[in-house]
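Student: below is the structure, and that's it, no one-letter string:
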């Protein structure tokens, strides 16, 4: 399962960073960092395959991957408990489903809600109804973070409004975790299985065995990739990281 995570990372890196608390646009740009590290670290594998040996390189790679997944768990866990909604009806004119939610994650998980708070510390936080579709990610429907009121409050009170993700002071750990992951994966768990796979079979069945191994690899890739977002919604992002550790 650990070997499949980089494939998921390739498809959903922006979603992974967004889950850790980054704005959507920033998450897209930050996803370039692990991609670049992945490319550069691949060249280490060209040296390690002979200098270190297949077994040691693969063992070190899996150890680094395990550490990186724990770092990612540490990045995702706080998002699901903090920040709390500390002022349910602060500056709201109406009540509704959103105002009954008690933390940011439950708030932003609801497609009809957004999270409004004051930085730093996310003080006086409120779960509010999102605005119309065209401005849903920018403004709330009502209260301090609505389109009409936002300009009056932003300068003096450092308001932040998020839709679809929760701000977190630990979001940078997700970037560190992804970098550590690709640093461990690219030189070892990435190329080594293919190298070993090409060497362990006798000549008479090598082509067929390699074909079967490749089919299994891409079939697993397909199944994990199409189910990633659905499973993440069910067991959370940190649950996904623990699953891949298995």
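Tutor: Now that the structure is in, tell me what you want to look at. Treat the numbers as computed from the prediction; the structure is a model and nothing was measured. Numbers count the residues shown, from 1 in each chain.
Student: list the residues that contact residue 45.
Tutor: Residue 45 makes contact with 57, 186, 187, 188, 190, 191, 192, according to Cβ atoms under 8 Å, 6 or more residues apart in numbering. No exception for glycine: its C-beta is placed from N, CA and C like everyone else's.
Student: what about these, which are in helices?
Tutor: In helices, judged by DSSP state H, the following of the contacts of residue 45 are found: 57, 192.
Student: most neighbours of all the contacts of residue 45, which one?
Tutor: residue 188 (27 neighbours; other Cβ atoms under 10 Å).
Student: could you find the closest non-adjacent residue to it?
Tutor: Nearest residue to residue 188 in three dimensions, chain neighbours excluded: residue 61, at 2.3 Å (Cβ to Cβ, 6 or more residues apart in numbering).
Student: where does pLDDT dip in the protein?
Tutor: 1-10, 87-96, 131-137, 149-157, 234-246 (pLDDT under 70).
Student: tell me the residue in it that is farthest from the middle.
Tutor: Distance from the C-alpha centroid of the chain peaks at residue 204, with 43.6 Å (Cα atoms, centre = their mean).
Student: tell me the SS of that residue?
Tutor: Look at residue 204: counting by DSSP: H, G, I helix; E, B strand; the rest coil, its state is helix.
Student: which stretches of this protein form strands?
Tutor: Using DSSP state E, the strands found in the chain span residues 113-118, 123-129, 159-162.
Student: quick check: which of these is buried the most?
Tutor: strand 113-118 (a mean of 27; mean count of other Cβ atoms under 10 Å).
Student: what's the spacing between residue 162 and residue 57?
Tutor: Computed as Cβ to Cβ, to the nearest Å, the residue 162 to residue 57 distance reads 41 Å.
Student: kindly report the same for residue 69.
Tutor: Distance from residue 69 to residue 57, by Cβ to Cβ: 19 Å.
Student: kindly report the domain assignment for this protein.
Tutor: 2-79+169-245, 83-162 (automatic domain parsing).
Student: ends of the shortest one, what's the gap?
Tutor: Going back to what we said before, that points to domain 83-162. Terminal residues of domain 83-162 lie 12 Å apart, using Cα to Cα, to the nearest Å.
Student: ditto for stretch 103-118
Tutor: Start-to-end, stretch 103-118 (Cα to Cα) is 15 Å.
Student: got a markdown table for the strands of the chain, with distance to residue 37 too?
Tutor: What follows is the strands of the chain, written out as a markdown table (distance: least, Cβ to Cβ, whole Å):
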| stretch | distance to residue 37 |
| --- | --- |
| strand 113-118 | 31 |
| strand 123-129 | 35 |
| strand 159-162 | 27 |
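Student: among these, which is nearest residue 36?
Tutor: strand 159-162 (27.0 Å; Cβ to Cβ).
Student: other residues contacting the closest one?
Tutor: Under Cβ under 8 Å, 6+ apart, the answer for strand 159-162 is 23, 104, 108, 114-119, 122, 138-140, 144-145, 150, 153, 167.
Student: now, of those, which are buried?
Tutor: With burial judged by 16 or more other Cβ atoms under 10 Å, the buried subset of those is 23, 104, 108, 114-118, 122, 139-140, 144-145, 150, 153, 167.
Student: out of the strands of the chain, which gets nearest to residue 13?
Tutor: With Cβ to Cβ as the criterion, residue 13 lies closest to strand 159-162 of the strands of the chain, at 19.4 Å.
Student: ok so, going back, ok, the residue farthest from the centre of the chain - contacts?
Tutor: Residues in contact with residue 204 (Cβ under 8 Å, 6+ apart): none are found.
Student: do the same with residue 130
Tutor: Residues near residue 130 by Cβ under 8 Å, 6+ apart: 111, 112, 113, 114, 136, 140, 141, 163.
Student: tell me where the chain has helices.
Tutor: Using DSSP H, helices in the chain cover 5-19, 24-30, 32-51, 54-76, 104-109, 147-157, 172-184, 192-199, 206-235, 237-245.
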